[in-house]
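Chemist: Sequence first, then the predicted structure, then my questions.
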Amino acid sequence: MRNVNAGALKKVLAILFVFVFFCSSALASSVGYVNCSSLVVRSSASTSAKKLGTLSQGTKVKVISTAKGWARISYNGKTGYVSTKYLSKSSGSKTTAAVSNGSKTVAVARTKGYVKTSSYLYQSASASSTKLGVLTKGSPVYVVGKNGSFRKVQTSTGLTGYVKAGNLGKASRAASAKTSKSSKVVSIARSLLGKPYVTGDSGPSAFDCSGLTYYVYSKVGVYLNRNAQSQGYNNGAKISKANLRVGDLVFFNTEEHDGDLCDHVGVYLGSGLFLHASSAAGRVIISSMSMGYYARVFSWGRRVL
């Protein structure tokens, strides 16, 4: 009987040890900073989990615990999950990024740069690896690591991948100022995802397409004309698709029976994506303009920053 009790006691103690260990690990917290322009916070550790909100670059969060590439964080009195690769140990434009690297990739001081020549963004440091997208000439990036002739970069839209070192340049002070404003435009635009589409509205609760762009750019001191046609012909400098940069306006000929070519407008996010208030979807969404319908009806871009 004593042996049975002793065995049971050992099991109880073992369970208590595991419980205390995991509880103490979960409670051991640290501080992190968002190192991309807009970081999605989710209800659980999955990209398919419910979106709780977004955090802008530099936001300070409390990291409660980490597991399998996800961090459980506390921010503004709320709790959620984010990818650990978009958190750094310190704030500022030059920090060592907390990025999960392979044995050949070395983390470097996180510095601002730009794409000198349109380039593929690769999944790994090899031109034969999966292509994640195309970075257009002039696109702002952060360099966070190096691997041979490749550099690991983070785009202003949060994508991480590898670019050939020769295709990158260092950002000047003037370019950095434009990059900062472009990043702010993207951050503001992303914060409006899911807002309802209402014809004639320009926010902050609902938008039509030109009302959205009018609202977003006014937040950085750029005041556009109010309708898509007027924005498409009168605001900023006309830009071809190949020369688009993050933060540019993009226009589409969605009513092909007329001749103005500027029936719809959105904000270019980079990597062939744009954000817009869609009447078809009934809300603010992100769509691809690299393929499908919007690739076919694309007209031109306008640079207003």
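Modeler: Right, received. Where do you want to start? Numbers count the residues shown, from 1 in each chain.
Chemist: Going by C-alpha atoms from here, please, whenever you check contacts or count neighbours.
Modeler: Fine.
Chemist: The stretch 201-305 of the chain: strands as residue ranges?
Modeler: Ranges of strands in the stretch 201-305 of the chain, per DSSP state E, counting those that start in this stretch, are 237-239, 249-252, 264-270, 273-278, 283-288, 298-303.
Chemist: which strands and helices sit next to the third one?
Modeler: For strand 264-270, the packing partners by 3 or more C-alpha pairs under 8 Å, 6 or more residues apart in numbering; DSSP states H and E come out as helix 173-190, helix 209-218, helix 228-234, strand 249-252, strand 273-278.
Chemist: at 6 Å what do you get?
Modeler: strand 249-252, strand 273-278 (3 or more C-alpha pairs under 6 Å, 6 or more residues apart in numbering; DSSP states H and E).
Chemist: For that strand, which outside residues touch it?
Modeler: By C-alpha atoms under 6 Å, 6 or more residues apart in numbering, the residues outside strand 264-270 that reach it are 209, 228, 246, 247, 248, 249, 250, 251, 252, 274, 275, 276.
Chemist: so can I have CSV of these showing pLDDT?
Modeler: Formatted as CSV, the contacts of strand 264-270 follow (pLDDT from 0 to 100):
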residue, pLDDT
209, 97
228, 94
246, 91
247, 93
248, 95
249, 97
250, 97
251, 97
252, 97
274, 96
275, 97
276, 97
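Chemist: what would the residues you listed look like in a markdown table with neighbour count?
Modeler: Converted to a markdown table, those look like this (neighbours: other C-alpha atoms under 10 Å):
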| residue | neighbour count |
| --- | --- |
| 209 | 28 |
| 228 | 26 |
| 246 | 28 |
| 247 | 28 |
| 248 | 26 |
| 249 | 29 |
| 250 | 30 |
| 251 | 26 |
| 252 | 25 |
| 274 | 24 |
| 275 | 25 |
| 276 | 28 |
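Chemist: These: which two are farthest apart?
Modeler: 228 and 246 (18.9 Å; C-alpha to C-alpha).
Chemist: quick one on the thing from earlier: quick one: which of the helices and strands packed on strand 264-270 is nearest residue 66?
Modeler: Between the helices and strands packed on strand 264-270, strand 273-278 lies closest to residue 66; by C-alpha to C-alpha that is 30.3 Å.
Chemist: got the angle for the closest one vs strand 283-288?
Modeler: Strand 273-278 and strand 283-288 are oriented at 150 degrees to each other (axes from the mean of the first three to the mean of the last three C-alpha atoms, to 10 degrees).
Chemist: What strands line up against strand 273-278, and which way round?
Modeler: When pairs are called by DSSP bridges, strand 273-278 turns out to pair with strand 264-270 (antiparallel), strand 283-288 (antiparallel).
Chemist: Would you convert the helices and strands packed on strand 264-270 into a markdown table that also reports distance to residue 83?
Modeler: Shown next, in a markdown table, are the helices and strands packed on strand 264-270 (distance: least, C-alpha to C-alpha, whole Å):
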| stretch | distance to residue 83 |
| --- | --- |
| strand 249-252 | 29 |
| strand 273-278 | 21 |
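Chemist: mind checking which of these is nearest residue 31?
Modeler: strand 273-278 (31.2 Å).
Chemist: chain center to stretch 107-118, what's the gap?
Modeler: With C-alpha atoms, centre = their mean, to the nearest Å as the basis, stretch 107-118 stands 16 Å off its chain's centre.
Chemist: Start and end of stretch 265-279, how far apart?
Modeler: End-to-end span of stretch 265-279 (C-alpha to C-alpha, to the nearest Å): 12 Å.
Chemist: Kindly provide the whole-number mean pLDDT of the helix or strand where residue 151 lies.
Modeler: Of the helices and strands defined by DSSP states H and E, residue 151 is found in strand 150-155. Strand 150-155 shows a mean pLDDT of 89 in the predicted model.
Chemist: what's the angle between that strand and strand 264-270?
Modeler: 140 degrees.
Chemist: Please report the number of neighbouring residues for residue 222.
Modeler: Burial of residue 222 is recorded as 13 neighbouring residues (other C-alpha atoms under 10 Å).
Chemist: Correction: the previous question concerned residue 67.
Modeler: When neighbours are counted by other C-alpha under 10 Å, residue 67 registers 10.
Chemist: Please name the bridge partners of it.
Modeler: Beta-bridge pairing for residue 67 (DSSP bridges): residue 70.
Chemist: got a pLDDT number for it?
Modeler: pLDDT recorded at residue 67 is 88.
Chemist: again, but for residue 118
Modeler: Looking at residue 118, its pLDDT stands at 81.
Chemist: Quick check: it touching residue 137?
Modeler: Yes - Residue 118 is within contact range of residue 137, at 4.6 Å (criterion: C-alpha atoms under 6 Å).
Chemist: Look up how far residue 290 lies from residue 223.
Modeler: From residue 223 to residue 290 the distance is 28 Å (C-alpha to C-alpha).
Chemist: for residue 199, same thing?
Modeler: According to C-alpha to C-alpha, residue 199 stands 27 Å off from residue 290.
Chemist: Thank you, goodbye.
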